[in-house]
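[1] Quick check, what structure comes out for this input:
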Amino acid sequence: MAEIYANFSQSLRDSQRPGDLGADALKDYEQQLADAAHPLVEKAIAIHEKNLELMRRALNNTWTQKSLDRLAALEPDRYARAEISSGFVGSLERYVYQPPPRAAVAPESPQAAAPAQQQGATASGQTDSAIGQAITAGAGNEGIR
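    Below is the predicted model:
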């Protein structure tokens, strides 16, 4: 039934135009044909979408696939989208967060900056190490499972 509506709509659009029409009259005639064809395409789309409800109920056969293919042709912006894959994640249990590397800061003078760098490296190194161990050990993830 959907194909009857779609074919009739296409036949209206492809029909011959009267040869005695002027430019404005021809444009108006084509607009009237498009206005008459549009509801037919909408009916075809509605019938094909009704078939997609069968797919949602786990009925997938050649006819539902044909409806999906026709919807992709009739409404490509909605039904003919290409999927983009970001790759396969093997397991979420083996994923360990790695903090991004810190940017190296150039010291102004080697003598003044050396004690400050040693102190900062010790404090942040211990903190990063403790956080990394907690994440690796799964601390704080009890509520997730």
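[2] Please point out which parts of the strand or helix carrying Ala73 sit buried.
    Secondary-structure element containing Ala73, defined by DSSP states H and E: helix 62-74. By neighbour count with 16 or more other Cβ atoms under 10 Å, helix 62-74 contains the buried residues 64, 67-68, 70-71, 74. C-beta here means a position set from N, CA and C on the backbone, and glycine is covered the same way.
[3] what pLDDT does Ala134 get?
    Reading off the per-residue confidence, Ala134 sits at a pLDDT of 51.
[4] I should have written Leu33 there, sorry.
    On the pLDDT scale, Leu33 is placed at 91.
[5] what sits against it?
    Applying Cβ atoms under 8 Å, 6 or more residues apart in numbering, one finds that Leu33 lies in contact with 12-13, 15.
[6] Would you write a PyMOL line that selects the buried entries of those residues?
    Applying 16+ other Cβ under 10 Å to the contacts of Leu33 leaves a buried subset, and the PyMOL line that selects it is:
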select buried, resi 12
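[7] so which of the contacts of Leu33 would you say is closest to Tyr29?
    For those, the minimum distance to Tyr29 (Cβ to Cβ) is 10.1 Å, reached by Ser15.
[8] Let's see the distance spanning stretch 71-80 from one end to the other.
    8 Å (Cα to Cα, to the nearest Å).
[9] could you give the mean pLDDT of it?
    In this model, stretch 71-80 has an average pLDDT of 82.
[10] which residues are in contact with that stretch?
    Outside stretch 71-80, the residues that touch it by Cβ under 8 Å, 6+ apart are 6, 41, 44-45, 48-49, 52, 68.
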